[in-house]
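[1] coords please:
(2 chains)
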2 protein chains.
Amino acid sequence: MTTSSHTWTFSARSGRINPSFIREILKATERPGVISLAGGLPAPETFPVEAMREAAAKVLREDAIAALQYTTSEGHAPLRQWIARYLSGRGLHADAEQVLIINGSQQGLDLLGKVLLDPGSTMLVERPTYLGALQSCALYEPQMKALASDREGLSPQALAQHGGDARLLYVQPNFQNPTGRIMSERRRQEIAQIASGLNLPIVEDDPYGELWFDQPCPAPLSAHMPQGSVYLGSFSKVLAPGLRLGYLVAPKALHAKLVQAKQAADLHASNLAQRMVSEVLHGPGFSAHLAQVRSVYRQRSAAMQELLSQHLGDLCAWDRPCGGMFFWLTLHEPVDTADLLKAALHAGVAFVPGSAFSHDDVDTGTIRLSFATCSDADMQRGVALLARVLRERLRAARPAVFMPAWQGA
Amino acid sequence: MTTSSHTWTFSARSGRINPSFIREILKATERPGVISLAGGLPAPETFPVEAMREAAAKVLREDAIAALQYTTSEGHAPLRQWIARYLSGRGLHADAEQVLIINGSQQGLDLLGKVLLDPGSTMLVERPTYLGALQSCALYEPQMKALASDREGLSPQALAQHGGDARLLYVQPNFQNPTGRIMSERRRQEIAQIASGLNLPIVEDDPYGELWFDQPCPAPLSAHMPQGSVYLGSFSKVLAPGLRLGYLVAPKALHAKLVQAKQAADLHASNLAQRMVSEVLHGPGFSAHLAQVRSVYRQRSAAMQELLSQHLGDLCAWDRPCGGMFFWLTLHEPVDTADLLKAALHAGVAFVPGSAFSHDDVDTGTIRLSFATCSDADMQRGVALLARVLRERLRAARPAVFMPAWQGA
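    Predicted coordinates for the structure are as follows:
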């Protein structure tokens, strides 16, 4: 046996993986005894456990051999058909042939980065944007460019100005992570029009679209530009994330490349999981289940809205989300929230600082709070703790003794 | 809606995906009515269906919420512990911390390519080698270099000569796909010694190691060089491939990078599948199950050996495999077996031509036959058909009328 040590040479791209700063932040939010308003996990009480039990039993009783054998890279045909019908019902006309089953929508980002990005090519994202998209695509060494956005979503002006030579635009139009914001119908039309004119592919990531509180989301952005866009869907929030199952819908030429990339990556998504999910979706209970999931998040969102108004109304601004899992707070006074997190963890509450949601860490005065997995008591205590820590920080930043402004001039 | 067409710009790497020639060959082997000696699928009657049923029911009864929620990228701790103990029993001392659960060992190749290969860096493979490794790593644009091998495995001379500036050596020491060959104990020592001296990382892929017929394989190659090697294991052949579950064992520095790459790729492997497999492995029946799997392949291998001797003994040479799923035939006379396949498919039998197992398609006089999924009757008919087609081809290649050599001089 050769016990001598080995010196590893890593690829250039591996240097782009996930800055350790953010990993450390996220790890710290999981300390025991800390109330987490940081997590992006779905509420476990929404998991359709009984339906999953029945589906597993049925698949392993009626189709065990097929479910345990290899299958095609494209995915289980009845599941692909269900997805195509479902999306058509939401306004995105899709053919089952365009669907590819993947290991959660996260894998879609990896596959898309693989087939669309060269080192140095431009990838456009919203500011702020989903951390996982940055992590996943960073490995393909694009130049990330963050575009301004407002309450209606991504700015059409910013897109028109910067979209010219980009390889793709990544966007979450529905209840965006981290802002919780929804892109308006009018804005979707504008964005699609501009992207289409620029021959700029849109990657539409939609994990939260079904988690609306009072009214359904507009038709997917992709519906406005089917030939030039990819739609990413997920079962993680509407069924359960532990199965790792999502899907993408892509035009034919791109779909073929993505299937090949999927095959090279891991051959296919878990066959058993695909058949279980297909059973659950084809069963009679899915609509009622969705309504139940929505009501859980609606109720928690309302509770957090009230707590925030009560404790933080004078210190931060936010828009009340109409779906999804997050509140996005913008502090009135300049406080580096990555730094604030240290004090918050010490006090016993975790959140994600806004800098985690941009590639250049510039967004320092913002906070993402999740209401998805919090009990009422934890939420109450967590928000109160956060407010206390923030007030202390603000107090500490002010001069200890009152000094009229003219004295220092 | 913008219905105008879109022009896609693909990444340079995507041009390296899977030459369509081979895809077409493999698709053709799946035509209905064709007896397939081509497939790499495991025998479905070896799947432990009842154990899987019980495991699914137990996990979804006792741990449903945990199994359906997100988990760590590293994988389910009890499963990682089982794997570490199991490998230690096979001679590769591993710590559970070094294990990463992946979507079949195929994903290990993707992750390793990602973190170890730059465009243009050299990747060493055996000639011939596993097609999937070529496909998976090709996306990271290495220069593939195929090293000569003999009956004992990879040639130490070739490795010493070409290993100098390579980023990794990919090797299947046990019942290699496609040759079925096993690397001798002595050869493992030599290869490890040379690789270690060159600071050359070894990627040891071992999907077939448990499918031995009469005696267990030597300790993994990685055991001879633990600091500089990665071991890839799979549950696809010993349990069932449809779950898409495998693992890798890597030294600490590399493991950390691979975990980050796994997180970026798809967060983690199916949590439910991990817990099901962990249940089955921790149960009392796994050893007996393995013995049963081995006996199925041993019996089929013996049947194919007899049929080949009977029908093809005068036309090809082969070594009788002592494990795995494949025979590797080398034709006595020069026949392009990719071309021969067309006639074979027409006659109703499929095999994989040797050219599919090298990046440069040069291996034209060889054939891979799988005995894994064939019924006795199909195997009998398939081998007889192959022999007939080959004899016809050889006859057609000879002059129709005998012409003494001096007449043409």
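
[2] for chain A, what's the longest helix?
    Ranked by residue count under DSSP state H, the longest helix found in chain A is helix A:286-312.

[3] Tell me the helices and strands packed up against the very next helix or strand once past that one.
    Remark: after helix A:286-312, the chain's next helix or strand is strand A:316-317, criterion DSSP states H and E. Here strand A:316-317 touches strand A:326-331, going by 3 or more Cβ pairs under 8 Å, 6 or more residues apart in numbering or on different chains; DSSP states H and E. All C-beta spots, glycine's among them, are computed from the backbone N, C-alpha and C.

[4] re the thing from before, list the helices and strands the longest helix of chain A packs on?
    Applying 3+ Cβ pairs under 8 Å, 6+ apart, we find helix A:286-312 packed against strand A:326-331, helix A:376-397.

[5] Pull the distance from that helix to the chain's centre.
    Offset of helix A:286-312 from its chain centre (Cα atoms, centre = their mean, to the nearest Å): 18 Å.

[6] quick check: angle from it to helix A:376-397?
    Counting by axes from the mean of the first three to the mean of the last three Cα atoms, to 10 degrees, helix A:286-312 lies at 30 degrees to helix A:376-397.

[7] which parts of helix A:286-312 are buried?
    A:286, A:289-290, A:293-294, A:296-298, A:300-301, A:303-304, A:307-308, A:311-312 (16 or more other Cβ atoms under 10 Å in any protein chain shown).

[8] and the residue of the stretch 301-409 of chain A found nearest chain B, what are its phi and psi?
    Closest contact between the stretch 301-409 of chain A and chain B, by Cβ to the nearest Cβ, is at A:Thr373 (9.5 Å). Main-chain torsions, A:Thr373, degrees, to the nearest 10: phi -110, psi 10.

[9] With chain B as the reference, measure out to A:Leu239.
    8 Å (Cβ to the nearest Cβ, to the nearest Å).

[10] again, but for A:Tyr170
    Distance of A:Tyr170 to chain B, computed by Cβ to the nearest Cβ: 14 Å.

[11] Show me which residues of the stretch 201-350 of chain A are close to chain B?
    Residues of the stretch 201-350 of chain A lying close to chain B (Cβ under 8 Å from any Cβ of the partner chain) are A:201, A:223-228, A:236, A:240-244, A:251, A:253-254, A:257, A:260-261, A:263-273.

[12] follow-up on the earlier one: quick check: which of the helices and strands packed on helix A:286-312 is nearest to B:Ala148?
    Evaluated over the helices and strands packed on helix A:286-312, closeness to B:Ala148 peaks at strand A:326-331, with 57.7 Å, by Cβ to Cβ.

[13] Can you name the residues in contact with that closest one?
    A:128, A:175, A:177-181, A:301, A:304-305, A:308, A:312, A:315-319, A:321, A:337, A:354, A:365-371, A:390 (Cβ atoms under 8 Å, 6 or more residues apart in numbering or on different chains).

[14] The residue of the stretch 301-409 of chain A closest to chain B against A:Pro42, yeah?
    Yes. Contact status for A:Thr373 versus A:Pro42: in contact at 7.5 Å, counting by Cβ atoms under 8 Å.

[15] downstream neighbour of the host helix or strand of A:Lys262 in the secondary structure list?
    Per DSSP H and E, A:Lys262 falls inside helix A:252-266. Counting by DSSP H and E, the next helix or strand C-terminal to helix A:252-266 is helix A:271-282.

[16] Figure out how far that following helix is from the centre of its chain.
    Distance of helix A:271-282 from its chain centroid, counting by Cα atoms, centre = their mean, is 23 Å.

[17] Which positions in it come out as buried?
    For helix A:271-282, the neighbour count (16+ other Cβ under 10 Å) marks A:271-281 as buried.

[18] I'd like to check the angle between that helix and helix A:286-312, please.
    Interaxial angle, helix A:271-282 versus helix A:286-312 (the same axes, to 10 degrees): 90 degrees.

[19] Output the contacting helices and strands for helix A:271-282.
    helix A:49-62, helix A:64-68, helix A:77-89, helix B:271-282.

[20] Quickly check: the first one near chain B or not.
    Okay, so that is helix A:49-62. Yes. Using Cβ under 8 Å from any Cβ, helix A:49-62 reaches chain B at A:49, A:52-53, A:56-57, A:60-61.

[21] Checking the nearest residue to A:Leu267 once chain neighbours are set aside next. Helix, strand or coil?
    Excluding the flanking residues, the one nearest A:Leu267 by Cβ to Cβ, 6 or more residues apart in numbering or on different chains is B:Gln106, at 5.3 Å. Three-state secondary structure (criterion: DSSP: H, G, I helix; E, B strand; the rest coil) places B:Gln106 in helix.
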